[in-house]
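Undergrad: what would the 3D arrangement of this be:
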Amino acid sequence: MFQDCADAKFDRDDFNFDGVCFPDELLLEFEEREFITDVVFSNCTFNGPVSFRKCVFQQKAKFSNAEFKAGVNVEFCEFREEADFSKSSFEDYTEFSGSDFKSSVTFADCNFVGWVSMAVGFEHRTDFVAAVFKSEVDFSDSEFRGETRFWGTTFESAADFTETKAFAELNFSDATFVDAVRFGTPRWKSYSFGLNAEVSFEHARVDQPGRVSFHTVELKPSWFINVDSRRFVFTNVNWNSVSIAKNISAADPPELLAIAYRNLAVNAEENHRYGEASTFRYLAMDTRRLTEYSFPGLDWVLRKINHRWAWRIANRRWGRIAFWRLSWWYWLASGYGERSFRAFVVLLGIWLLFALSFTRVGFVVSDKNSMNNSDVTPSKYEASGRPLDFPRAVIYTAGVMTLQKPEPRPQTNTAHAFVILATVLGPLQAALLALAIRRKFIR
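TA: Predicted coordinates:
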């Protein structure tokens, strides 16, 4: 009797079954059917398996608050209008492989008990907000072309996002990963995320961080703000746009980006990627330098005038030329001990600067017969000393910077001061150069 009534509605293209409970003996197979009107199965209970394989939904498909007690097959379907599966329960396997959602779709607050296959094309906004996947879920070979939200989604078993491509926002904020989760494209040796992709793991809870892996994929450091990435597995990763300008956001304090850089640096160093670790350490320090201001009295003045634009101008300006801060000099001298070329250039500059200085200050004259100036008496040379010529000054400076105490000795107070400065600054800069080189290759 129930089967006859259902068949009669099917024949009339009437698919409004809101609130109906389908018995398990009822055969619900709609394979290769084209639905030209709205399909409404909201608040329904399906006690037996149901199949929509290779169907075309020209109008809205409504499956909200439905209960699927047995398996669901929605393979190779095409949804041309909105599809709503929110708050539904899938107690057995769920198969969506090969389907294509041309419009928005929501699986918000769904409960997936059995394994799920979602190798799907999502063309517009997609919601998995607060959904729960109790068994394994497979999103491999999917495409997310619109905004996709996994806010608060719980993955209690392994989640596979390999071979998945994203071209817009892919948001895992506040998601929970209990087991393994994999991203990337190791099979095709290409990169998953398009130029406009933005991924977020902000405040995600990761119970087994060592089982979160990214293989052969392009990533941005800002995607790991407010999540501890120190134990994630990064294999053959291309860090695209690591610069601060490409990662900083007005929505997040700069300190959070600095922490993300620092966590990635720890991860790289623990896995012996020392060049990468050096880059992230530098960016962590530089984020703070470029976003801090501490000019004496400036903070008080800006609070008084209360101009946000004035704060931003000062923030950018003084963070770049804060010569009163020790960290600024550390950046200038060696890039926080991470830039070997800069440290070498500064060391060379110190050498040449003091060499030029020694051609202008007086030293003890050891050979009075070599004096050619008949207008100046020997006693005056002994009192004021004679500058060194440039070739001699270069060699002399090298001796001073390597703590050799070369001859002749400085005679004037100015010469003494320059020798002391060269004795301090030269070895200090050489040590910074050695540190920068070391960090590129070893811990």
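
Undergrad: can you pull out the strands in the stretch 201-350 of the chain?
TA: 205-206, 212-215, 218-219, 233-235, 238-239 (DSSP state E, counting those that start in this stretch).

Undergrad: out of those, which is the most enclosed?
TA: For the strands of the stretch 201-350 of the chain, the largest average neighbour count (mean count of other Cβ atoms under 10 Å) is found in strand 218-219, namely a mean of 22. Using the backbone N, CA and C atoms, a C-beta is placed for each residue, glycine as well.

Undergrad: possible to save the strands of the stretch 201-350 of the chain as TSV with mean pLDDT and distance to Leu428?
TA: What follows is the strands of the stretch 201-350 of the chain, written out as TSV (pLDDT from 0 to 100; distance: least, Cβ to Cβ, whole Å):
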stretch	mean pLDDT	distance to Leu428
strand 205-206	95	42
strand 212-215	93	40
strand 218-219	90	37
strand 233-235	94	35
strand 238-239	88	32
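
Undergrad: export the ones you listed to a markdown table and append columns for distance to Asp11.
TA: Shown next, in a markdown table, are these (distance: least, Cβ to Cβ, whole Å):
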| stretch | distance to Asp11 |
| --- | --- |
| strand 205-206 | 50 |
| strand 212-215 | 51 |
| strand 218-219 | 52 |
| strand 233-235 | 55 |
| strand 238-239 | 56 |
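
Undergrad: of the ones you listed, give the one that comes closest to Thr359.
TA: Among those, the nearest to Thr359 by Cβ to Cβ is strand 238-239 (47.0 Å).

Undergrad: got the residue ranges for the helices in the protein?
TA: 2-11, 244-247, 254-270, 274-291, 298-305, 308-320, 326-334, 340-357, 378-384, 390-401, 413-441 (DSSP state H).

Undergrad: mean neighbour count and distance to Val105 added to the ones you listed, as TSV?
TA: TSV is the format used below for those (neighbours: other Cβ atoms under 10 Å; distance: least, Cβ to Cβ, whole Å):
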stretch	mean neighbour count	distance to Val105
helix 2-11	11	24
helix 244-247	14	31
helix 254-270	20	31
helix 274-291	20	37
helix 298-305	12	48
helix 308-320	14	40
helix 326-334	17	49
helix 340-357	17	51
helix 378-384	13	88
helix 390-401	17	68
helix 413-441	17	48
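
Undergrad: with distance to Thr162 and mean pLDDT added, can I get those helices in TSV?
TA: Putting the helices of the chain into TSV (distance: least, Cβ to Cβ, whole Å; pLDDT from 0 to 100) gives the following:
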stretch	distance to Thr162	mean pLDDT
helix 2-11	39	68
helix 244-247	25	86
helix 254-270	20	93
helix 274-291	22	86
helix 298-305	49	50
helix 308-320	41	47
helix 326-334	40	82
helix 340-357	37	92
helix 378-384	77	48
helix 390-401	55	91
helix 413-441	32	88
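
Undergrad: which one of the ones you listed lies closest to Val113?
TA: That would be helix 2-11 among these, by Cβ to Cβ, at 25.8 Å.

Undergrad: check contacts around the residue most central in space within the chain.
TA: Compute the mean C-alpha point of the chain, and by Cα atoms, centre = their mean the closest residue is Pro221, 1.4 Å away. Shown in contact with Pro221 (Cβ atoms under 8 Å, 6 or more residues apart in numbering): Trp239, Val242, Asn247, Leu257, Ala260, Tyr261, Leu264, Phe280, Leu283.

Undergrad: out of these, which is nearest to Arg386?
TA: After measuring these against Arg386 - Cβ to Cβ - the closest member comes out as Leu283, at 49.4 Å.

Undergrad: so which bits of stretch 58-69 are buried?
TA: Using 16 or more other Cβ atoms under 10 Å as the test for burial, stretch 58-69 gives Gln59, Lys60, Ala61, Lys62, Phe63, Ser64, Asn65, Ala66, Phe68, Lys69.

Undergrad: what about it, how long is it end to end?
TA: 26 Å (Cα to Cα, to the nearest Å).

Undergrad: what does stretch 163-171 give?
TA: 17 Å.

Undergrad: what is the mean pLDDT for that stretch?
TA: On average, the pLDDT along stretch 163-171 is 90.

Undergrad: for it, buried residues please.
TA: Those would be Glu163, Thr164, Lys165, Ala166, Ala168, Glu169, Leu170, Asn171, for stretch 163-171 by 16+ other Cβ under 10 Å.

Undergrad: list the contacts for the third one?
TA: Spelled out, it's Lys165. Ser142, Glu143, Phe144, Ser192, Phe193, Gly194.

Undergrad: repeat that with 6 Å
TA: Applying Cβ atoms under 6 Å, 6 or more residues apart in numbering, we find Lys165 in contact with Glu143, Ser192.

Undergrad: across the sheet, point out what pairs with it.
TA: Glu143 (DSSP bridges).

Undergrad: thought Thr357 was touching Val419?
TA: Residue 357: Ser, not Thr. No. Counting by Cβ atoms under 6 Å, Ser357 does not reach Val419; the two are 9.6 Å apart.

Undergrad: need the overlap of contacts for the two.
TA: Shared contacts of Ser357 and Val419, defined by Cβ under 6 Å, 6+ apart, are not found at any residue.

Undergrad: distance of the closest residue to Thr279 other than its chain neighbours from Ser222?
TA: The shortest distance from Thr279 to any non-neighbouring residue, by Cβ to Cβ, 6 or more residues apart in numbering, is to Val242 (6.5 Å). Distance from Val242 to Ser222, counting by Cβ to Cβ, to the nearest Å: 10 Å.

Undergrad: who's more crowded, those two?
TA: Using other Cβ atoms under 10 Å, the more surrounded residue of Val242 and Ser222 is Ser222, with 22 against 18.

Undergrad: pretty sure that one sits against Asn247.
TA: Yes. Assessed by Cβ under 6 Å, Ser222 is found in contact with Asn247 at 3.8 Å.

Undergrad: what do those two both touch?
TA: By Cβ under 6 Å, 6+ apart, no residue touches both Ser222 and Asn247.

Undergrad: what count of nearby residues applies to the nearest residue in space to Val20 that is not next to it in sequence?
TA: Of all residues not flanking Val20 in the chain, Cys44 sits nearest, at 5.2 Å (Cβ to Cβ, 6+ apart). Neighbour count of Cys44, defined by other Cβ under 10 Å: 21.
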